[in-house]
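Engineer: prediction below, plus the sequence it came from.
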Amino acid sequence: MLNKNKIILELDDVYYNMDDLLDALIKHYKSKGIKCKKLYDDKLHNPVLLVDLKKYVVNVKNIGPNLVQYTLPPGTVWPTFISLQQIILKEI
């Protein structure tokens, strides 16, 4: 889904830590011919990506059984019972 200042993605696989998720996200964009790389972490330790010459902060929404949402801080290992994972890129 693409919004004016936000991109919401659901990749084929679920990732249980931010490093693996970022690797998959960068590969996803590169496979589509879109330049993508991690620039830095923001003050809240959320990764900031450069995607097609625009900066985005990365947030992840993990949804478990019974539609319980888990939004955990960076550096946290996410629960293994995730049913759905949304990657939210907010343009900055």
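Structural biologist: Okay, I see it.
Engineer: what about K27, is that helix, strand or coil?
Structural biologist: Classification of K27 using DSSP: H, G, I helix; E, B strand; the rest coil returns helix.
Engineer: from F81, how far off is E91?
Structural biologist: 31 Å (C-beta to C-beta, to the nearest Å). All C-beta atoms are positioned from the backbone trio N, CA, C, and that covers glycine.
Engineer: what ranges does the protein have for its helices?
Structural biologist: Using DSSP state H, the helices of the chain run over residues 18-31.
Engineer: quick one: contacts for L84?
Structural biologist: Taking C-beta atoms under 8 Å, 6 or more residues apart in numbering as the contact definition, L84 lies against 10, 14, 62-63.
Engineer: pick the one among the residues you listed closest to Y29.
Structural biologist: The shortest approach to Y29 among these belongs to E10, at 14.5 Å (C-beta to C-beta).
Engineer: how about the contacts of L84 in a markdown table, adding neighbour count, pLDDT and distance to L49?
Structural biologist: Listed next are those as a markdown table, based on neighbours: other C-beta atoms under 10 Å; pLDDT from 0 to 100; distance: C-beta to C-beta, whole Å:
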| residue | neighbour count | pLDDT | distance to L49 |
| --- | --- | --- | --- |
| E10 | 11 | 93 | 17 |
| V14 | 17 | 87 | 19 |
| N62 | 20 | 83 | 19 |
| I63 | 15 | 81 | 22 |
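Engineer: can you tell me which of the residues you listed are in strands?
Structural biologist: 62-63 (DSSP state E).
Engineer: including distance to D41, could the contacts of L84 go into JSON lines?
Structural biologist: Listed next are those as JSON lines, based on distance: C-beta to C-beta, whole Å:
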{"residue": "E10", "distance to D41": "23"}
{"residue": "V14", "distance to D41": "22"}
{"residue": "N62", "distance to D41": "19"}
{"residue": "I63", "distance to D41": "24"}
